[in-house]
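S.K.: This is the structure alone, sequence omitted:
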């Protein structure tokens with residue numbers, strides 16, 4: 001029987017002494033600040049490295065989250081909001097020294113949560129790294145600024161503050177992860193949805209060189225915006241909350257007030273799910289992501305993919321927003337590549353492969369096709385408990401139904417662990433052309449794991465994130481992470 005007793009455990013890192021908790025063969029160090037609190041004069045400013053802790057830091061509980069209000073009333077992933085100002089923190093889950101899985105230094109997985117760059121929580125139980133620790137991987141989950149504070153382009157503040165937070169967190173990992181048993185020279189950055197888009201943004205950036213050696217994007221995409229377009233939304237938002245669209249103006253409103261106002265204005269203007277996101281034209285993202293990916297990160301192996309249905313699931317008892325379209329209509333829309341799922345998420349997969357076709361490091365595609373009986377399809381977010389091998393996590397039964405296939409979680413998690421450990425995926429590389437190879441997970445009527453081709457045909461250029469088809473499958477309200 002596994003030991004469920006919890007004991008304090010102390011690590012001495014360059015950042016200072018950190019006291020976490022050990023349960024069995026897993027150690028957790030939660031809510032470690034990597035930057036100064038972004039409040040007062042530091043709000044809407046580039047993140048400032050946290051000084052060495054003057055005394056032992058208690059890392060026994062999750063730190064404050066940037067999220068103050070959830071993205072939707074119903075979200076697939078449990079996403080707790082934790083109050084407090086010290087939101088630029090990260091958590092480390094690692095194999096305990098002396099256990100069978102401790103082969104220090106271990107490879108490191110740095111996880112970036114989703115939530116449309118407006119919400120989401122690194123404290124979600126779906127992101128607990130215990131299965132990675134079991135398999136000899138140190139797992140780091142990162143909090144970063146969201147919404148206006150993280151991604152509004154303002155005339156008197158640096159752009160892309162959320163990405164700057166992530167870059168500083170990766171630098172913290174490089175300096176400190178060795179104390180937790182991790183190898184700073186074997187870091188994989190990974191994320192899902194907005195987190196997957198952040199991975200592609202970091203990969204395309206000229207300033208991220210050397211901070212990670214591998215990259216994984218789950219349901220990511222080219223979510224960047226032109227700064228001029230983003231400023232239109234920011235201007236409307238400023239009018240709504242009664243301030244000028246400046247650092248000083250928005251600084252007079254609370255984070256919660258701004259997050260609530262952004263969600264209301266998004267719905268009022270029908271801007272789509274991403275009214276704020278990374279912007280191009282600064283030192284972090286000087287050019288659009290496809291152009292940046294053709295220039296940078298070509299020495300970084302990349303694994304990316306999407307679920308089969310993302311935001312276009314059919315009717316199911318547990319789906320709060322079932323599709324009004326028949327299975328035949330949804331199948332036809334998928335074949336044509338016209339769904340929101342295709343234009344917002346899946347089209348980015350072959351395009352990333354295409355712009356990286358000359359990369360020696362390689363690009364590999366996957367497609368998650370297992371239809372959740374609770375949501376009526378291979379919905380957005382439902383692949384996460386399989387990749388994390390956490391089918392017993394809170395909320396999984398509601399999202400996946402009572403009997404999700406454990407053998408699929410075993411296989412998918414093993415593929416991701418192998419990639420993080422530095423092994424080449426067991427299927428062919430993608431080059432972005434028709435009939436590209438991919439690994440397919442969970443398609444009904446096929447083996448649970450199958451290597452196939454053409455899953456991402458036709459190649460469709462993603463529309464701007466704010467765009468939605470005027471009619472047809474994919475226009476309904478969606479639940480999201």
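M.R.: Perfect, I can see it now. As the structure is a prediction and not an experimental result, all values here were calculated from the model.

S.K.: can you give me phi and psi for the closest residue in space to residue 257 that isn't next to it in sequence?
M.R.: Distance criterion Cβ to Cβ, 6 or more residues apart in numbering; nearest residue to residue 257, sequence neighbours excluded, is residue 241 at 6.6 Å. Any C-beta I mention is one placed from the backbone N, CA and C, and that applies to glycine too. With angles defined as degrees, to the nearest 10, residue 241 sits at phi -100, psi 0.

S.K.: so who does residue 241 touch?
M.R.: 250, 253, 257-258, 261 (Cβ atoms under 8 Å, 6 or more residues apart in numbering).

S.K.: tell me which of those residues is nearest to residue 180?
M.R.: Ranked by distance to residue 180 (Cβ to Cβ), the contacts of residue 241 are led by residue 258 at 34.4 Å.

S.K.: hmm, back to that, which one of the contacts of residue 241 is nearest residue 410?
M.R.: The nearest member of the contacts of residue 241 to residue 410, counting by Cβ to Cβ, is residue 258 at 42.5 Å.

S.K.: thinking again about what came up before, can you tell me which of the contacts of residue 241 are in helices?
M.R.: Residues of those located in helices (DSSP state H): 250, 257-258, 261.

S.K.: got a markdown table for those residues, with neighbour count too?
M.R.: Listed next are those as a markdown table, based on neighbours: other Cβ atoms under 10 Å:
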| residue | neighbour count |
| --- | --- |
| 250 | 24 |
| 257 | 15 |
| 258 | 23 |
| 261 | 17 |
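
S.K.: Would you mind measuring from residue 371 to residue 343?
M.R.: The gap separating residue 371 from residue 343 is 21 Å, by Cβ to Cβ, to the nearest Å.

S.K.: Pull out the buried residues from the helix or strand of the chain with the lowest mean pLDDT.
M.R.: Lowest by mean pLDDT, DSSP states H and E among the helices and strands of the chain is helix 327-336, with a mean of 74. Neighbour counts over helix 327-336 (16 or more other Cβ atoms under 10 Å) mark 330, 333-334 as buried.

S.K.: How about stretch 286-304?
M.R.: 287, 289-290, 292-294, 296-298, 300-304.

S.K.: Next: stretch 67-84.
M.R.: For stretch 67-84, by 16+ other Cβ under 10 Å, it's 67-72, 75-79, 81-82.

S.K.: How about stretch 396-415?
M.R.: Buried, per 16+ other Cβ under 10 Å, within stretch 396-415: 396, 399-401, 404, 408-413, 415.

S.K.: Of all pairs in those residues, which one is the farthest apart?
M.R.: Every pair of the buried residues of stretch 396-415 checked by Cβ to Cβ; the farthest is 401 and 415, at 22.7 Å.

S.K.: ok, back up a step: and the helix or strand following the least confident helix or strand of the chain, what does it pack onto?
M.R.: Using DSSP states H and E, the helix or strand that follows helix 327-336 towards the C-terminus is helix 340. On a contact count with 3 or more Cβ pairs under 8 Å, 6 or more residues apart in numbering; DSSP states H and E, helix 340 meets no helix or strand.

S.K.: next one: phi and psi at the residue nearest the centre of the chain?
M.R.: Computing the C-alpha centroid of the chain and ranking residues by Cα atoms, centre = their mean puts residue 195 first, at 2.2 Å. Backbone dihedrals for residue 195, given as degrees, to the nearest 10, come out at phi -60, psi -40.

S.K.: what residues are up against the nearest residue to it once chain neighbours are set aside?
M.R.: In this structure, residue 195 finds its nearest non-sequential neighbour in residue 112, 3.6 Å apart by Cβ to Cβ, 6+ apart. Counting by Cβ under 8 Å, 6+ apart, residue 112 touches 142, 144, 166, 189-192, 195-196, 198-199.

S.K.: Residue 112 pairs with what?
M.R.: With DSSP bridges as the criterion, residue 112 is bridged to residue 142, residue 191.

S.K.: Dump the buried residues of helix 327-336 to CSV, plus distance to residue 360.
M.R.: Shown next, in CSV, are the buried residues of helix 327-336 (distance: Cβ to Cβ, whole Å):
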residue, distance to residue 360
330, 39
333, 37
334, 33
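
S.K.: Sort out which one of these lies nearest residue 104 for me.
M.R.: For the buried residues of helix 327-336, the nearest to residue 104 is residue 334 (45.3 Å; Cβ to Cβ).

S.K.: in which helix or strand would I find residue 150?
M.R.: Following DSSP H and E, one finds residue 150 within helix 147-151.

S.K.: The helix or strand encompassing residue 30 pairs with which strands, parallel or anti?
M.R.: Here residue 30 sits within strand 26-33, counting by DSSP H and E. Using DSSP bridges, strand 26-33 pairs in its sheet with strand 16-23 (antiparallel), strand 89-95 (antiparallel).

S.K.: Rounded mean pLDDT for the last one, please.
M.R.: Per-residue pLDDT values across strand 89-95 average out to 97.

S.K.: Quick check: residue 267 is in a helix.
M.R.: Yes - assessed by DSSP: H, G, I helix; E, B strand; the rest coil, residue 267 belongs to a helix.

S.K.: Can you report how many residues neighbour it?
M.R.: Each residue near residue 267 was counted by other Cβ atoms under 10 Å, and the total is 12.

S.K.: can you check residue 231 too?
M.R.: Around residue 231 sit 18 other residues, with neighbours defined as other Cβ under 10 Å.

S.K.: That'll do, ta.
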